[in-house]
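Engineer: next comes the sequence, and after it the predicted model I'd like to discuss.
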Amino acid sequence: GENVEQHPSTLSVQEGDSAVIKCTYSDSASNYFPWYKQELGKRPQLIIDIRSNVGEKKDQRIAVTLNKTAKHFSLHITETQPEDSAVYFCAARGGGGSNYKLTFGKGTLLTVNP
Amino acid sequence: NAGVTQTPKFQVLKTGQSMTLQCAQDMNHEYMSWYRQDPGMGLRLIHYSVGAGITDQGEVPNGYNVSRSTTEDFPLRLLSAAPSQTSVYFCASRTANTGELFFGEGSRLTVL
(Lines give C-alpha, C1' and ligand atoms only; values in the text may rest on other atoms or scores of the structure.)
Protein backbone atom coordinates (compact mmCIF):
# COMPACT_ATOMS: atom_id res chain seq x y z
CA GLY A 1 0.00 0.00 0.00
CA GLU A 2 0.84 3.67 -0.03
CA ASN A 3 3.47 4.97 2.39
CA VAL A 4 3.78 8.68 3.17
CA GLU A 5 6.83 10.07 4.96
CA GLN A 6 6.68 13.59 6.42
CA HIS A 7 9.50 15.84 7.67
CA PRO A 8 10.26 17.50 9.96
CA SER A 9 8.20 16.22 12.88
CA THR A 10 8.55 19.57 14.66
CA LEU A 11 9.28 23.02 13.27
CA SER A 12 9.71 26.27 15.17
CA VAL A 13 9.87 29.62 13.35
CA GLN A 14 9.71 33.29 14.20
CA GLU A 15 6.62 35.24 13.24
CA GLY A 16 7.01 36.54 9.71
CA ASP A 17 9.40 33.80 8.61
CA SER A 18 8.56 31.09 6.11
CA ALA A 19 7.88 27.44 6.97
CA VAL A 20 8.37 24.46 4.69
CA ILE A 21 7.12 20.92 5.32
CA LYS A 22 8.09 18.08 3.00
CA CYS A 23 6.47 14.75 2.20
CA THR A 24 7.36 11.78 0.03
CA TYR A 25 5.05 9.04 -1.19
CA SER A 26 5.65 5.55 -2.50
CA ASP A 27 2.81 4.78 -4.94
CA SER A 28 3.55 6.31 -8.33
CA ALA A 29 -0.16 5.95 -9.20
CA SER A 30 -1.20 8.39 -6.43
CA ASN A 31 -2.98 11.36 -7.93
CA TYR A 32 -4.29 13.56 -5.14
CA PHE A 33 -2.29 15.26 -2.38
CA PRO A 34 -4.08 17.28 0.32
CA TRP A 35 -2.77 19.09 3.37
CA TYR A 36 -4.71 19.25 6.61
CA LYS A 37 -4.27 21.55 9.59
CA GLN A 38 -5.23 20.41 13.07
CA GLU A 39 -5.32 22.87 15.91
CA LEU A 40 -4.98 21.57 19.43
CA GLY A 41 -8.06 19.57 20.45
CA LYS A 42 -9.79 20.19 17.12
CA ARG A 43 -10.59 18.17 14.04
CA PRO A 44 -8.30 18.15 10.96
CA GLN A 45 -9.37 20.62 8.27
CA LEU A 46 -8.28 20.84 4.65
CA ILE A 47 -6.15 23.89 3.88
CA ILE A 48 -4.97 23.16 0.35
CA ASP A 49 -4.73 20.28 -2.10
CA ILE A 50 -3.09 19.51 -5.41
CA ARG A 51 -3.73 16.96 -8.10
CA SER A 52 -1.11 15.10 -10.08
CA ASN A 53 -1.64 17.10 -13.27
CA VAL A 54 -0.54 20.33 -11.55
CA GLY A 55 2.95 21.27 -10.34
CA GLU A 56 2.11 24.11 -7.98
CA LYS A 57 -0.90 25.71 -6.35
CA LYS A 58 -1.17 28.86 -4.24
CA ASP A 59 -3.79 30.22 -1.89
CA GLN A 60 -2.75 33.51 -0.31
CA ARG A 61 0.14 32.69 2.09
CA ILE A 62 0.00 28.96 1.45
CA ALA A 63 1.45 27.09 -1.51
CA VAL A 64 1.98 23.45 -2.37
CA THR A 65 4.43 22.05 -4.91
CA LEU A 66 4.46 18.59 -6.41
CA ASN A 67 7.32 16.71 -8.08
CA LYS A 68 5.84 13.55 -9.56
CA THR A 69 9.17 12.24 -10.83
CA ALA A 70 10.74 12.37 -7.39
CA LYS A 71 7.43 11.50 -5.69
CA HIS A 72 7.53 14.34 -3.23
CA PHE A 73 5.39 17.35 -2.40
CA SER A 74 5.84 20.28 -0.07
CA LEU A 75 3.80 22.84 1.84
CA HIS A 76 5.10 26.41 1.98
CA ILE A 77 3.71 28.97 4.40
CA THR A 78 4.97 32.53 4.02
CA GLU A 79 4.74 35.40 6.51
CA THR A 80 3.85 33.03 9.31
CA GLN A 81 1.55 34.21 12.09
CA PRO A 82 0.95 32.81 15.60
CA GLU A 83 -2.42 31.43 14.44
CA ASP A 84 -0.54 29.20 11.98
CA SER A 85 0.68 27.19 14.99
CA ALA A 86 -0.84 23.71 14.64
CA VAL A 87 -0.12 20.18 13.49
CA TYR A 88 0.01 19.84 9.71
CA PHE A 89 -0.60 16.54 7.93
CA CYS A 90 0.18 15.69 4.35
CA ALA A 91 -1.67 12.86 2.64
CA ALA A 92 -1.76 10.94 -0.62
CA ARG A 93 -4.59 9.14 -2.34
CA GLY A 94 -3.72 6.22 -4.54
CA GLY A 95 -4.96 5.45 -7.99
CA GLY A 96 -6.82 2.41 -9.28
CA GLY A 97 -8.07 0.14 -6.50
CA SER A 98 -6.63 2.43 -3.83
CA ASN A 99 -8.58 5.44 -5.07
CA TYR A 100 -10.67 5.51 -1.90
CA LYS A 101 -7.84 5.32 0.58
CA LEU A 102 -6.22 8.50 1.85
CA THR A 103 -2.89 7.77 3.58
CA PHE A 104 -1.57 10.41 5.98
CA GLY A 105 1.93 11.33 7.05
CA LYS A 106 2.71 11.39 10.76
CA GLY A 107 2.36 15.13 11.08
CA THR A 108 4.47 18.23 11.71
CA LEU A 109 3.99 20.36 14.80
CA LEU A 110 4.54 23.95 13.68
CA THR A 111 5.13 26.56 16.35
CA VAL A 112 5.22 30.22 15.34
CA ASN A 113 6.88 32.34 18.01
CA PRO A 114 5.70 35.97 18.34
CA ASN B 1 -26.15 21.23 7.93
CA ALA B 2 -24.60 19.66 11.02
CA GLY B 3 -21.83 18.05 8.92
CA VAL B 4 -20.27 14.94 10.47
CA THR B 5 -21.51 14.12 13.96
CA GLN B 6 -19.76 11.65 16.25
CA THR B 7 -20.91 10.30 19.59
CA PRO B 8 -19.79 9.88 22.28
CA LYS B 9 -17.04 12.49 22.59
CA PHE B 10 -15.43 10.68 25.51
CA GLN B 11 -15.64 7.07 26.69
CA VAL B 12 -13.81 4.93 29.23
CA LEU B 13 -13.99 1.16 28.86
CA LYS B 14 -12.60 -1.79 30.70
CA THR B 15 -10.64 -4.44 28.80
CA GLY B 16 -13.03 -6.89 27.16
CA GLN B 17 -16.03 -4.56 27.05
CA SER B 18 -17.76 -3.76 23.79
CA MET B 19 -19.04 -0.48 22.47
CA THR B 20 -20.10 1.33 19.33
CA LEU B 21 -18.90 4.73 18.16
CA GLN B 22 -21.63 6.43 16.19
CA CYS B 23 -21.07 8.55 13.10
CA ALA B 24 -23.70 10.35 11.06
CA GLN B 25 -23.44 12.84 8.19
CA ASP B 26 -26.17 14.94 6.62
CA MET B 27 -24.32 15.94 3.45
CA ASN B 28 -25.39 12.94 1.35
CA HIS B 29 -21.75 11.86 1.03
CA GLU B 30 -21.13 8.49 -0.57
CA TYR B 31 -17.77 7.89 1.07
CA MET B 32 -17.31 7.49 4.83
CA SER B 33 -14.32 6.37 6.83
CA TRP B 34 -12.93 5.87 10.31
CA TYR B 35 -9.43 6.91 11.37
CA ARG B 36 -7.61 6.57 14.64
CA GLN B 37 -5.08 9.14 15.79
CA ASP B 38 -2.25 8.25 18.14
CA PRO B 39 0.63 10.50 19.21
CA GLY B 40 3.39 10.51 16.60
CA MET B 41 1.47 8.15 14.32
CA GLY B 42 -0.69 10.49 12.29
CA LEU B 43 -4.13 9.39 11.15
CA ARG B 44 -4.49 5.71 10.27
CA LEU B 45 -7.41 4.36 8.28
CA ILE B 46 -9.42 1.65 10.06
CA HIS B 47 -12.36 0.95 7.72
CA TYR B 48 -14.10 2.78 4.95
CA SER B 49 -17.29 2.60 2.90
CA VAL B 50 -18.04 3.81 -0.62
CA GLY B 51 -21.80 3.50 -0.25
CA ALA B 52 -24.62 1.79 1.60
CA GLY B 53 -23.96 -1.93 1.92
CA ILE B 54 -20.28 -1.64 0.91
CA THR B 55 -17.40 -1.63 3.38
CA ASP B 56 -13.70 -2.42 3.18
CA GLN B 57 -10.65 -2.61 5.42
CA GLY B 58 -8.09 0.10 5.82
CA GLU B 59 -4.61 0.02 7.28
CA VAL B 60 -5.47 -1.08 10.86
CA PRO B 61 -8.79 -3.00 10.80
CA ASN B 62 -8.13 -5.67 13.44
CA GLY B 63 -10.44 -5.47 16.47
CA TYR B 64 -13.00 -3.26 14.70
CA ASN B 65 -16.19 -3.95 12.76
CA VAL B 66 -18.27 -1.61 10.64
CA SER B 67 -21.52 -1.66 8.71
CA ARG B 68 -23.24 0.80 6.38
CA SER B 69 -26.97 0.19 6.23
CA THR B 70 -27.81 3.78 5.24
CA THR B 71 -25.98 6.58 3.42
CA GLU B 72 -26.02 8.71 6.58
CA ASP B 73 -24.67 6.34 9.25
CA PHE B 74 -21.38 4.50 9.64
CA PRO B 75 -20.94 3.03 13.15
CA LEU B 76 -17.65 1.57 14.38
CA ARG B 77 -17.87 -1.40 16.75
CA LEU B 78 -15.28 -2.63 19.20
CA LEU B 79 -16.28 -6.16 20.13
CA SER B 80 -13.72 -6.76 22.91
CA ALA B 81 -11.81 -3.61 23.80
CA ALA B 82 -8.06 -3.78 24.43
CA PRO B 83 -5.72 -1.14 25.92
CA SER B 84 -4.07 -0.85 22.48
CA GLN B 85 -7.33 0.63 21.22
CA THR B 86 -6.95 3.67 23.48
CA SER B 87 -6.95 6.48 20.92
CA VAL B 88 -8.83 9.39 19.41
CA TYR B 89 -11.18 8.23 16.68
CA PHE B 90 -12.29 10.40 13.78
CA CYS B 91 -15.08 9.73 11.35
CA ALA B 92 -14.81 11.48 7.99
CA SER B 93 -16.85 11.70 4.81
CA ARG B 94 -16.68 13.13 1.29
CA THR B 95 -18.52 12.96 -1.98
CA ALA B 96 -17.42 10.43 -4.59
CA ASN B 97 -16.12 13.14 -6.90
CA THR B 98 -14.30 15.54 -4.61
CA GLY B 99 -11.20 15.19 -2.53
CA GLU B 100 -11.97 17.07 0.67
CA LEU B 101 -12.59 14.91 3.69
CA PHE B 102 -14.91 16.41 6.30
CA PHE B 103 -14.07 15.21 9.78
CA GLY B 104 -16.19 14.83 12.86
CA GLU B 105 -15.06 16.35 16.17
CA GLY B 106 -13.47 13.10 17.32
CA SER B 107 -14.15 10.56 20.06
CA ARG B 108 -11.56 10.02 22.76
CA LEU B 109 -11.58 6.40 23.93
CA THR B 110 -9.64 5.08 26.92
CA VAL B 111 -9.44 1.35 27.56
CA LEU B 112 -8.25 0.39 31.06
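Structural biologist: Happy to help now that I have it. Residues are numbered from 1 along each chain as shown, chains lettered A, B, ... in the order given.

Engineer: for B:His70, what are its contacts?
Structural biologist: No, residue B:70 isn't His; it's Thr. B:Ala52 (CB atoms under 8 Å, 6 or more residues apart in numbering or on different chains). All C-beta atoms are positioned from the backbone trio N, CA, C, and that covers glycine.

Engineer: can you pull the buried residues of the longest strand seen in chain B?
Structural biologist: Using DSSP state E, we find that the single longest strand of chain B is strand B:42-51. Neighbour counts using 16 or more other CB atoms under 10 Å in any protein chain shown place B:42-50 of strand B:42-51 among the buried residues.

Engineer: do stretch A:38-54 as well
Structural biologist: For stretch A:38-54, the neighbour count (16+ other CB under 10 Å) marks A:38, A:43-44, A:46-50, A:52 as buried.

Engineer: greatest separation within those residues: which pair is it?
Structural biologist: Farthest apart among these by CB to CB are A:Arg43 and A:Ser52. That separation is 26.5 Å.

Engineer: which element is the most centrally placed residue in chain B on?
Structural biologist: With distances taken as CA atoms, centre = their mean, B:Trp34 lies nearest the centre of chain B, 3.1 Å away. Applying DSSP states H and E as the criterion places B:Trp34 in strand B:31-38.

Engineer: okay, the angle between that strand and strand B:42-51?
Structural biologist: Relative orientation of strand B:31-38 versus strand B:42-51 (axes from the mean of the first three to the mean of the last three CA atoms, to 10 degrees): 160 degrees.

Engineer: give the partner strands of strand B:31-38 in its sheet and their orientations.
Structural biologist: strand B:42-51 (antiparallel), strand B:87-94 (antiparallel) (DSSP bridges).

Engineer: for A:Tyr25, find the nearest of the ones you listed.
Structural biologist: A:Tyr25 lies closest to strand B:42-51 among these, at 13.3 Å (CB to CB).

Engineer: okay, buried residues for the helix or strand following the closest one please.
Structural biologist: Sequence order places strand B:54-57 as the next helix or strand after strand B:42-51, per DSSP H and E. The neighbour-count check on strand B:54-57 (16+ other CB under 10 Å) flags B:Thr55 as buried.

Engineer: which intervals of the chain have sub-threshold pLDDT?
Structural biologist: Picking chain A for this. A:95-98 (pLDDT under 70).

Engineer: hmm, I had chain B in mind actually
Structural biologist: Using pLDDT under 70, nothing in chain B is flagged.

Engineer: around chain A, pick out the residues from it.
Structural biologist: With CB under 8 Å from any CB of the partner chain as the criterion, chain B meets chain A at residues B:31, B:33, B:35, B:40-45, B:48, B:50, B:56, B:58-59, B:90, B:99-101, B:103-106.

Engineer: if we go to 7 Å?
Structural biologist: Applying CB under 7 Å from any CB of the partner chain, one finds that chain B approaches chain A through B:31, B:40-43, B:45, B:48, B:50, B:58-59, B:90, B:99-101, B:103-106.
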